[in-house]
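Enquirer: quick check, what structure comes out for this input:
(chains A and B)
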Amino acid sequence: MKAFSTLLDRLSREPRRTEKLRHIVRYLREAPDPDRGHALAALSGALDIPAVKPAMLRALAAERVDPVLFGLSYDFVGDLSETIALIWPAPPPSEGEPLHLAQVISTLLSASRREGPALIARWLDELDETGRWALLKLITGALRVGVSALLARQALAEFSGRPVEEIEEVWHGVEPPYTDLFAWLEGRGPRPDPSAALTFRSPMLAHPIEEQDFETLTPSEFHAEWKWDGIRIQAATRSNGLARDVRLFSRSGDDITTAFPDLIAALPEDAVIDGELVVVREAVVSTFSDLQQRLNRKIVSAAMLRDSPVALMAYDLLQIGGEDLRPHPLPARRARLEALVEAKAHPRLMLSPAVPFATWEDLAEKRAQSAQNPAIEGVMLKRLDSPYLAGRPKGFWYKWKRDPMIADCVMMYAQRGHGKRSSFYSDFTFGVWEGDRLVPVGKAYFGFTDAELKGLDRFVRQNTVNRFGPVREVVHAPDSGLVLEIAFEGLQESTRHRSGLAMRFPRIHRIRNDKKPAEADRIETLRLLLRKA
Amino acid sequence: MRPSELLHPRPEGLYCPPGDFYIDAMRPVPHALITHAHSDHARPGHGAVMASRETLAIMGLRLGEGFSQTQQEARIGEWLNISGVEVAFFPAGHVLGSCQIALRWKGLTIVVSGDYKREPDATAAPFEVVPCDVFVTEATFGLPVFRHPDPHGEVGKLLVSLQENPHRAHLVGAYSLGKAQRLIRHLREAGYDRPVYLHGALEKVTGYYEEAGIALGPLARAAGLPRGSLAGEILICPPSSLSDIWSRRFAEPLTVAASGWMRVRARARQRGVELPLVISDHADWDSLRATILETGASEIWVTHGQEDALMHWCLGQGLAAQPLHLVGFGEEAAEDAA
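Expert: So this is what the prediction gives:
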């Protein structure tokens, strides 16, 4: 446990990718099996301990610490594991047997949810502060030390001297604690057989289009389709005798199959499809916020399946019946995809429709009109002659999002943020004038730099006029207060806000210290924008 | 009699009506008593200033000799009478010359502690408990997650890093008044006898510490050194300089910060600190609570920091507690001095 805590501690403090790699490689060389395999699983997000839930850890802390003080501390620190690690009133260290990573994991995996708390409390008593933090990070699975599954595999590549592609090929065929994988990488065993599992292919990504690109690009050489506001996934299937293998991968290659059982039946056999995962109700694609309910869940309730059913908006076909289509140009892949979708004829498998256009002006108009559909973010432009290339190759695919709208608003309330912004007031509710009072129109928690964040935080602390639990009300009068220039992607009517309006993707565009709140926008101006959209 | 008749907050700062003076005023006032020389407590432009000899001297170094019209030295532990209010200065242990200010009037004693700490520190006279009815405390680290570890252990981490990274210059961000000198002193206590290099902004105040009789061992200037120098050496600079282009001129700089905030990982990350040292000149949660109880005060006023948690604890102890909401305090502290 000590070696793993030290690794995690170093990773969390090290911003440089190369140095993170170096730390992981060093750990993999020094740590024994199966500890290092469990650590690798934790780092790549493959470890799941069902007996531990954040609410249980909170309850555990509440037994030892005044809940009000715990709440205030969590509010400040912004990370549950770290708060508990720092606040835990541990007895003086005893000379017991040191705790092993593999022992922690195997004990917890076989523990019931009822036994979990007592085990964890005992370990928290035994460990020092960094050890407590690492233990809690490990068992909650929320490491947040800036290591992706990809980086973990790159560390394996560096550790073994094999190209990362070779490791990618076997990765989805191995399971924690990966003793067979390490045996192969150290030349002590055979290559794990990946054919038993479906593998992930690196997706092709798009560049944001720039104004000047239009001067050099020819419309007739491009295919356009909507940019859907869902999540990019890769769906791979294979018939395996009577059985059938299905894998859904996120854009970064994480296996998210279990979260979307409602998609499985819609997928054609022996195919690898690239597309957007969206919520579709009665043939209408819903907004991202509907999809959000379905993300980051290990277990899906029946109600969720009924209320937010997902579908795949397919836009590319990488492989069919063992044939790799990636070297072929886009129209050839698309023709095969259209035929496949048509033959499957399943309502949860949709073809992302082509958006026909003659000129860039023509497409610009269609992009503007697409604002009527909140599930569309803009348009995608793909060169007709583009093969399917891994990564973000230049000159093939472009994304063209809609132009944001801008409004001057006044900060009204603030709350502390979490994660990177923790311990600062970084979630802001802002409003515009309706008559002589301000009405809230939205909430924003990004768009500013770290330096601006400090200024915003200071403003909140010095200008608090009222407190409601964690929420601070800040001064917002015509001649005193803070004007925020808010950029947003659109407006919707909303019954949730007193103003009757809700902004889409609002973010702080600029802090207008040069303006008085009296100069901020009025609700009438926003209503005009609503009509325009 | 209500304590607020003797002392209460005004936009300019804490005001004592019967004595007609302010303590640590934010804006220019005719009569100011000052606890210590950090810029969020010691501002220029007052009429008459009273503070400890060291505080007056450091204010002169930092703000220029004409920082106020007149200056009067307060002698530690001696009571004197200002328009019927008895006033005395007692050590606060925060930085060199830092004091608590005690007021006595009609049988009521209020102690304004300024910023303080209880840990041993050879560069500042130790905090003295002054029994009182009302204790005015800071709460910079007023949350139970803040427990400062033994500073010698933290300095040990720096020495280990020097051995492990002899090719890298160790740039330590430490506030230029107090923290920097205390850190040097801790290094000497740990047996480190190499020269410690100083950023120009630290030179004057550090020189004053030495004049005041605090031995800091061999010191050297960082100014004028060639690019790529100071591998395996310690250079102390103001925290804000860690992210300056200036810092890139040294050999593979390794950024270190000495501050109580370093206990929270996100804070260290936000500032790009590679080696965080939890060394603070402010009282931690345990010290704040112990000090409040030791003063015997029945009423606690909290000036700045995490006042909510400390007040909650006070109320749980049966002590009356209220926040003073003084604007401006803790700005320098939050960024650097803590």
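Enquirer: C-alpha from now on. contacts and neighbour counts both.
Expert: Fine.
Enquirer: and the longest helix seen in chain B, what does it pack against?
Expert: If you go by DSSP state H, chain B has its longest helix at helix B:151-164. Helix B:151-164 sits against helix B:179-189, strand B:275-277, with contacts defined as 3 or more Cα pairs under 8 Å, 6 or more residues apart in numbering or on different chains; DSSP states H and E.
Enquirer: show residues contacting it.
Expert: With Cα atoms under 8 Å, 6 or more residues apart in numbering or on different chains as the test, helix B:151-164 has contacts from B:Arg168, B:His170, B:Leu183, B:His186, B:Leu187, B:Ala190, B:Gly232, B:Glu233, B:Leu275, B:Leu277, B:Val278, B:Ile279.
Enquirer: for it, which positions count as buried?
Expert: Within helix B:151-164, the residues that count as buried by 16 or more other Cα atoms under 10 Å in any protein chain shown are B:Pro151, B:Glu154, B:Val155, B:Leu158, B:Leu159, B:Ser161, B:Leu162.
Enquirer: ok, now stretch A:6-25?
Expert: For stretch A:6-25, the neighbour count (16+ other Cα under 10 Å) marks A:6-15, A:20-21, A:23-25 as buried.
Enquirer: same check on stretch A:84-104?
Expert: A:Ile84, A:Ala85, A:Leu86, A:Ile87, A:Trp88, A:Ala90, A:Leu101, A:Ala102, A:Val104.
Enquirer: again with stretch A:209-227
Expert: Buried residues in stretch A:209-227 (16+ other Cα under 10 Å): A:Ile209, A:Pro219, A:Phe222, A:His223, A:Ala224, A:Glu225, A:Trp226, A:Lys227.
Enquirer: those residues: which two are farthest apart?
Expert: A:Pro219 and A:Lys227 (17.5 Å; Cα to Cα).
Enquirer: can you pull out the low-pLDDT segments for the chain?
Expert: No chain specified, so I'll use chain A. Residues of chain A that meet the criterion pLDDT under 70 lie in A:194-197, A:240-242, A:371-372, A:419-420, A:489, A:531-533.
Enquirer: looking at chain B here, not the other one
Expert: Using pLDDT under 70, chain B drops low at B:326-338.
Enquirer: how about the residues of it that lie near chain A?
Expert: With the criterion set to Cα under 8 Å from any Cα of the partner chain, chain B comes near chain A through B:143-146, B:264-266, B:268-270, B:272-275, B:308-309, B:312, B:327-328.
Enquirer: restricted to helices, list those.
Expert: Short answer: the residues of chain B next to chain A in helices (DSSP H) are B:Arg265, B:Ala266, B:Ala268, B:Arg269, B:Gln270, B:Asp308, B:Ala309, B:His312.
Enquirer: what residues are up against the third one?
Expert: Listed by Cα under 8 Å, 6+ apart, the contact set of B:Ala268 reads A:Arg13, B:Trp261, B:Met262, B:Glu274, B:Pro276.
Enquirer: can you list those in TSV and add distance to B:Ala37?
Expert: Converted to TSV, the contacts of B:Ala268 look like this (distance: Cα to Cα, whole Å):
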residue	distance to B:Ala37
A:Arg13	33
B:Trp261	21
B:Met262	23
B:Glu274	30
B:Pro276	26
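Enquirer: and the helices in the stretch 301-450 of chain A, which stretches?
Expert: For the stretch 301-450 of chain A, helices defined by DSSP state H, counting those that start in this stretch occupy the ranges A:302-307, A:330-344, A:360-369, A:450-462.
Enquirer: list the contacts for residue 185?
Expert: Defaulting to chain A. A:Ser160, A:Arg162.
Enquirer: my question was about chain B
Expert: So B:Arg185 contacts B:Ala122, B:Thr123, B:Ala215, B:Leu216 (Cα under 8 Å, 6+ apart).
Enquirer: just the buried residues from those, in PyMOL please.
Expert: Listed next is the PyMOL selection for buried residues among those, using 16+ other Cα under 10 Å:
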select buried, chain B and resi 122+123+216
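Enquirer: closest to B:Asp115 out of the contacts of B:Arg185?
Expert: Distances from B:Asp115 to those, taken by Cα to Cα, are shortest for B:Thr123, at 15.2 Å.
Enquirer: so that closest one touches B:Ile214, yeah?
Expert: Yes: here B:Thr123 reaches B:Ile214: they are 6.5 Å apart, a contact under Cα atoms under 8 Å.
Enquirer: which residue ranges of the stretch 301-450 of chain A form strands?
Expert: Assigned by DSSP state E, counting those that start in this stretch, the strands in the stretch 301-450 of chain A fall at A:310-320, A:323-324, A:349-351, A:376-383, A:397-401, A:405-416, A:425-434, A:437-444.
Enquirer: packing partners for the last one?
Expert: With contacts taken as 3+ Cα pairs under 8 Å, 6+ apart, strand A:437-444 sits against strand A:425-434, strand A:501-504.
Enquirer: so what strands line up beside the last one?
Expert: Which is strand A:501-504. strand A:490-493 (antiparallel) (DSSP bridges).
Enquirer: now the strand it pairs with - C-alpha only, PDB.
Expert: The C-alpha trace of strand A:490-493 is given here as PDB (Å, rounded to 0.1, in the frame of the first residue of the first chain):
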ATOM      1  CA  GLY A 490     -28.900  29.400 -27.400                       C
ATOM      2  CA  LEU A 491     -31.900  30.200 -25.300                       C
ATOM      3  CA  GLN A 492     -34.800  28.000 -24.300                       C
ATOM      4  CA  GLU A 493     -38.000  28.800 -22.500                       C
END
